[in-house]
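# generate coordinates for the sequence data below:
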Amino acid sequence: MNTEVFAARHIGITERDLPHMLETIGVESVEQLIYETIPDDIKLKKPLDLPQGISEHEFLNHLHALAKKNKVFKSYIGLGYHESLTPSVIKRNILENPGWYTAYTPYQAEIAQGRLEALLNFQTMVADLTGMEIANASLLDESTAAAEAMSMLFELRSRQQKKDGAVKFFVSEEILPQTLSLLETRAIPLGIELVIGDHEAFDFSSDFYAALLQYPGKHGQVNDYASFVEKAKANDIKVAVAADILSLVMLTPPGEWGVDAVVGTTQRFGIPLGYGGPHAAFFATKEAYKRNIPGRIIGITKDTDGNPALRMALQTREQHIKRDKATSNICTAQVLLAVMAGMYAVFHGPEGLKYIANSVHQKARAFDKVLKHLGLNQLNSGFFDTLKVKIDNVDKLRKIAEHVEINLNYIDHNHVSISFNEAISNDDMLKLIKVFSSYKEATPNGNESSKDFHAQIDNTSSEKSIPQSLRRQAPFMQHEVFNSYHSETELMRYIKKLERKDLALNHSMISLGSCTMKLNAASEMLPLSWPEWGNIHPFAPIDQAQGYQEVLKSLEEQLNVITGFAATSLQPNSGAQGEYAGLMVIRAYHESRGEGHRNICLIPSSAHGTNPASAVMAGMQVVVTKTDEKGNIDMEDLEEKANKYADNLAALMVTYPSTHGVFESSIRQITKLIHDNGGQVYMDGANMNAQVGLTNPATIGADVCHLNLHKTFAIPHGGGGPGVGPICVAEQLKPFLPTNPVIKTGGKKAITAISAAPWGSSLVCLISYGYIKMLGSEGLTKATEAAILNANYIKDRLKGKFDVLYTGERGRAAHEMIIDCRPFKANGIEVTDIAKRLIDYGFHAPTVSFPVAGTMMIEPTESESLAELNRFCDAMLSIRAEIDEVSANETDNVLKNAPHTLAMLTSDSWNHPYSREKAAFPLPYVAENKFWPSIRRTDEAFGDRNLMCTCAPIEDYVEA
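Numbering: from 1, shown residues only. Take a look at the predicted model:
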């Protein structure tokens, strides 16, 4: 074995495994399997034009060399991004821990209680600090959260407002520039009219349905918005506030004014800058809007025994139910980052946060005194952490500052802002004083020593530049969890306690169809902790981020080769955002040709629920097309609708291989039909793991696709995020790729922003870059072949016991397959019972009831070994035998009672007709590595009827 070949470490199947697997499948070679799986007319004729893979050692040396090209300046830029200090106990035990970063979204609550508790902490922290009643379990970034608020409040317009056509949305001129750009993107398709202006001059006209304020303003001014909100409410205008979460430790929470939503980012709660992300945004609102809030809410319910339990509540993945009636396409969150931010709050507690916030404020206050001493005019009458300074010569100041590796925010020719954060030391402050002293050609005040400056800060401790009316009085984070774990020992044990409640990839295979839960190699993950990558501000000058620029440009080129397309935008920071970006680019393309009337989007009925939701958000009208009995697109129905809507056809959204796990042989006929009728083809990249190196979106005839870097390209799911969803486009769509208002990106006719940062979640793009770099052309292709091999092996091992719903023309599956569990209803067994019983065998269930109710979609990925595939198949076959043993009128059985907890198994009472051993250790391998769920099956209906989504006393809730 060549120990330097990364593919051998990533791909779980070895050469000695192949004869047995091929015999089980009934083929003589992998080449024959691929021939029988993928239509010949779309196979690539030559290998990917990518370099040969490199070893892990070579990759890490390569990344070290690139890291040195990044210049880590001390950034005082602000604009929503601030350097923060990640506590080492959180970095080591969460960010660098596969028990946290390889877990999946907590749809199976019984094996996700740890993540769910951590997210409940996050929600409580946000609700407390904002003064709002409920909060969700994170969104993608502050700007997209603000856009979601705009959309939610638009949907909440009164009947009279809708009748009167109230479509204006007031945006304070204090808003962050990236947020304004994203609001512009989202507003146009929905028919919302943005009006940007001075909040003090706003007339509260009935034409407006809502307003958005920034608190503090983009350049630091702290405004008292109480009277604005009061007048808005009097005129039936709802109000959202984009707030800095650390400032809310000291400032009056917006909830006390009666606002309708508060949004922002938790980046400064211990999350690296990472050149723009990933960072967990927050969204807090009123309980009355709980069924309108986008994203996910973690709620408290009870399990079968009546014990408190957590689960995702209410609107989770609501777009799958509402589809084109959904108000948001949000499918993922930023769970890993939300967990880290929540733990930052747990570790520091309310008193620690007060200390940090006060320290930041005092640095700003002390520097305000320095500026006055130098004769410079500081313009903010009230501020928390940011000063706005009038100067005469920006170029002179910039030259002095950059010479000593300091970044400021240069607003225009006569103004600069300076934002302070917790990572700024006294020595940093002295350096900053020297910059402004040199600019004024003056001598710094006092002795230039850290000790003396520390005394200056202490002397300002009683002075606050926050108006009396805006000083926070309300307590926050009083729950025990925020007041118990302030030593490293205690927090380490608390994190471990939660981790033990969760099943992640470091325990067993997670065979979720459409979700591609593959190995996230340690060598891909290690650089995320390096400061040369973590401490770069997204709006730092390009020449300071040359290492990043090389990685991002190379990744774009790699993805161009893999997809066959001309250009890539890495900006979308989730798969759903990628869908939306792709459709907005198509929209812009049609408008550029004078065909802006094209607004019909054809979507197969089997499509992922985000597809129709994204289309509606992009201003398109959804027309659903049928699928045939084999799960393929119904060509007759598609042709009829394409011809019917030819004059207005904008796009077809298609997933390939299909959502049913099949390579449809008519795909090129389908894409040609759309093109012949004037439309563009958007390909959903959810199943790209079956394409890489064997076929590609350009070859099948698509014009744009999004890729899930958190699926195919090895970014870990992190318990439900981070995700990255870049779009790759054909030549004609290249000019329309999205830009950013601060750092220009995209094409010559770029649409406005899709996410807040220029390159989205840049930090985790290092992972996909490494995945491609180490596998190389040959390794990427072998990985795809192994994914298809593994899926077909499972299919044929389960043959005769579980029916596969759809296969290709030669009876083959793609990289996943759907097994039909509906026949087991005759025995009283539902697909959910099988999912819960798999927990007892130590496995996370495959995807349940999507895209077909009562089924399971299984995707093993290429990184699983034959031994693990066999353990999973043995578990499924054992469960199948258990199904045969029960009948519809016998509800006290091993499946209906699953999962079985340790408390249940060790109870003095056991009145079930099967043994404890069968319940807990159904197969010999289970005893070797037993996973114990911490709760029994959750009561979903109870939780929805009694929604509780903060850390209130659980006992009170359960007794309600």
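
# now the element after the helix or strand containing M492, going C-ward?
Taking DSSP states H and E as the criterion, the element that holds M492 is helix 488-499. Following the chain from helix 488-499 toward its C-terminal end, the next helix or strand by DSSP H and E is helix 522-525.

# tell me the buried residues in whichever helix or strand comes after that next one?
In the C-terminal direction, the helix or strand that comes right after helix 522-525 (DSSP H and E) is helix 531-534. Of the residues in helix 531-534, those with enough neighbours to count as buried (16 or more other Cβ atoms under 10 Å) are E532, W533, G534. From N, CA and C alone the C-beta is placed, and that goes for glycine too.

# closest to S658 out of those?
Of all those, the one with the least separation from S658 (Cβ to Cβ) is W533, at 37.7 Å.

# give me the low-pLDDT residue ranges for this protein?
Within the chain, the stretches with pLDDT under 70 are 314-327, 443-464, 952-960.

# how about a cut-off of 80?
Judged by pLDDT under 80, the chain has its weakly predicted residues at 1, 314-332, 442-464, 606-609, 630-631, 940-941, 943-960.

# and stretch 698-709, how far out from the chain middle?
Mean C-alpha position of stretch 698-709 versus that of the full chain (Cα atoms, centre = their mean, to the nearest Å) differs by 21 Å.

# err, stretch 723-743, not the other one
In this view, stretch 723-743 has its centroid 18 Å away from the chain centroid, taken as Cα atoms, centre = their mean.

# gap between the two ends of it?
Terminal residues of stretch 723-743 are spaced 22 Å apart (Cα to Cα, to the nearest Å).

# ok, which stretches of the stretch 351-500 of the chain are strands?
The residue ranges that make up the strands of the stretch 351-500 of the chain, judged by DSSP state E, counting those that start in this stretch, are 377-378, 386-390, 406-407, 409-412, 415-419.

# please apply the same query to the stretch 1-150 of the chain.
Listed in chain order, the strands of the stretch 1-150 of the chain (DSSP E, counting those that start in this stretch) span residues 74-75, 134-135.

# out of those strands, which gets nearest to H64?
If you check each of those against H64 by Cβ to Cβ, strand 74-75 wins as the nearest, at 22.1 Å.

# what does that closest one rub up against?
Outside strand 74-75, the residues that touch it by Cβ atoms under 8 Å, 6 or more residues apart in numbering are Y81, E83, L273, E405, I406, N407, I424, D428, K431, H537, A540.

# neighbour count for those - can I get that in a markdown table?
As requested, the contacts of strand 74-75 are exported to a markdown table (neighbours: other Cβ atoms under 10 Å):
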| residue | neighbour count |
| --- | --- |
| Y81 | 30 |
| E83 | 22 |
| L273 | 28 |
| E405 | 13 |
| I406 | 20 |
| N407 | 19 |
| I424 | 23 |
| D428 | 18 |
| K431 | 17 |
| H537 | 26 |
| A540 | 22 |
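
# so which two of the residues you listed are the farthest from each other?
Of all pairs drawn from these, the greatest distance, 20.3 Å, lies between Y81 and K431 (Cβ to Cβ).

# any idea how far R871 lies from L838?
Look at R871 and L838: by Cβ to Cβ, to the nearest Å, they are 11 Å apart.

# in terms of neighbours, single out the busier of the two.
Set side by side, R871 and L838 give different neighbour counts by other Cβ atoms under 10 Å, the larger being at L838 (24 against 21).

# and the more buried one, which helix or strand is it part of?
Element membership for L838 (DSSP H and E) is helix 831-840.

# gap between the helix or strand following that helix and the chain center?
If you walk from helix 831-840 toward the C-terminus, the next helix or strand you reach (DSSP H and E) is strand 847-848. A distance of 20 Å separates the centroid of the chain from that of strand 847-848, by Cα atoms, centre = their mean.

# quick one: list the elements packing against strand 847-848.
Applying 3 or more Cβ pairs under 8 Å, 6 or more residues apart in numbering; DSSP states H and E, one finds that strand 847-848 contacts helix 831-840, strand 855-858.
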